[in-house]
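A.B. asks: The sequence isn't on hand, but the structure is:
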């Protein structure tokens, strides 16, 4: 099935210990502001479910799963050209976002990200 609201500029990653996918932020069209919405795709149920919204609207950010944590990193508020240095973390059990204690050294959006596991 399709995600309930078509979006671009969003972030997505897999939830820890799961095949489920979380999609957050982005915008619906070129005139739309950045969004805070989050959705989880359940492979088991073949369905999208809305979950808690992020604290900050983001476009061009990254979502990444590190261990048991899902982080939303950087991005921008689309129509205001305000770049973000903030990071949020998603609690898989509570299904809610909260602000992370650290931030980026410089605000950024539309950046690359690679997770390199320790060897």
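C.D. replies: Nice, I can see it. Keep in mind the model is a prediction, meaning the values are calculated, not measured.

A.B. asks: Help me confirm that residue 79 is found in a strand?
C.D. replies: No. Per DSSP: H, G, I helix; E, B strand; the rest coil, residue 79 lies outside any strand segment and is helix.

A.B. asks: Residue 54 versus that one, what's the distance?
C.D. replies: Distance of residue 79 to residue 54, given as CB to CB, to the nearest Å: 17 Å. For the C-beta atoms, the positions are set from N, CA and C on the backbone; glycine is no exception.

A.B. asks: cool, residue 117 as well?
C.D. replies: Residue 117 sits 26 Å away from residue 54, going by CB to CB.

A.B. asks: So which of the two has more stuff around it?
C.D. replies: Between residue 117 and residue 54, counted using other CB atoms under 10 Å, residue 54 has the larger neighbour count: 25 against 5.

A.B. asks: Let me know the pLDDT of the more buried one.
C.D. replies: Note on residue 54: pLDDT of 97.

A.B. asks: Count the residues that sit near residue 17.
C.D. replies: Neighbours of residue 17 under the rule other CB under 10 Å: 10.

A.B. asks: What is the burial count for the residue lying closest to residue 91 once chain neighbours are set aside?
C.D. replies: Leaving aside its sequence neighbours, residue 91 sits nearest to residue 98 (CB to CB, 6 or more residues apart in numbering; 6.9 Å). Look at residue 98: counted by other CB under 10 Å, it has 13 neighbours.

A.B. asks: Pretty sure residue 98 sits against residue 87.
C.D. replies: No. With contacts counted by CB atoms under 8 Å, residue 98 stays clear of residue 87, the gap being 10.3 Å.

A.B. asks: check which helix or strand covers the residue nearest to residue 91.
C.D. replies: Using DSSP states H and E, residue 98 maps to strand 96-99.

A.B. asks: what residues does that strand touch?
C.D. replies: Residues from elsewhere that reach strand 96-99 (CB atoms under 8 Å, 6 or more residues apart in numbering): 24, 38, 51-55, 72, 86-91.

A.B. asks: How about stretch 84-94?
C.D. replies: Residues outside stretch 84-94 that contact it (CB under 8 Å, 6+ apart): 15-16, 18, 22, 24, 38, 54-56, 58, 61, 68-77, 96-100, 102-109.

A.B. asks: Done for today, thanks.
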